[in-house]
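Below is the sequence, then the predicted model.
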Amino acid sequence: MSVLSRLRQELVTTLAGLDLNLYTHVPGRLALPGGFVMAGSPYIEQELTFATRTVRFDVIICTPQADNATETGALDTLIGAALALLETEGWLVEQVSQPYQMAFNNSQGLVAAITVTTPTTFTQGEYK
């Protein structure tokens, strides 16, 4: 497993306590409430320390369709719980996006992106 795949899996494992269908990739079909991990921007950048790089991911979380007050409350709860889990496991949370509506599987959901980073090194042989 590559370094990046391992980090994606660690993120999903960290967030397993949330009541979400979680994916390490952008799924073809997202079951709601759901979430997935995708590359952030910039994805990888050099740190000040030689050979250490910062890897950035966006954790996308989405509520099922409901009235606005219910969706907003559900998303706020998920964001708060996700932040607590991520910070406990040592992920640096850079930001949480403004919530927005997005269509999934012929249904609308309220979505937010949580941008996280972690320092890592890439070692020869870990690219498989």
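Okay, I see it.

where are the low-confidence patches of this structure?
Within the chain, the ranges that satisfy pLDDT under 70 run 124-128.

Just the buried positions in the top helix by length along the chain, please.
With secondary structure taken from DSSP state H, the chain has its longest helix at helix 68-88. Using 16 or more other CB atoms under 10 Å as the test for burial, helix 68-88 gives Glu71, Ala74, Leu75, Leu78, Ile79, Ala81, Ala82, Leu85, Leu86. In short, each C-beta sits where N, CA and C put it, glycine included.

show me the contacts for the spatially closest residue to Gly34 that is not a sequence neighbour.
In space, and not counting its chain neighbours, Gly34 is closest to Asn21: 4.3 Å by CB to CB, 6 or more residues apart in numbering. Counting by CB atoms under 8 Å, 6 or more residues apart in numbering, Asn21 makes contact with Leu30, Ala31, Leu32, Pro33, Gly34, Gly35.

my read: Leu92 touches Thr118, true?
Yes - proximity of Leu92 to Thr118 meets the contact threshold set by CB atoms under 8 Å, at 6.8 Å.
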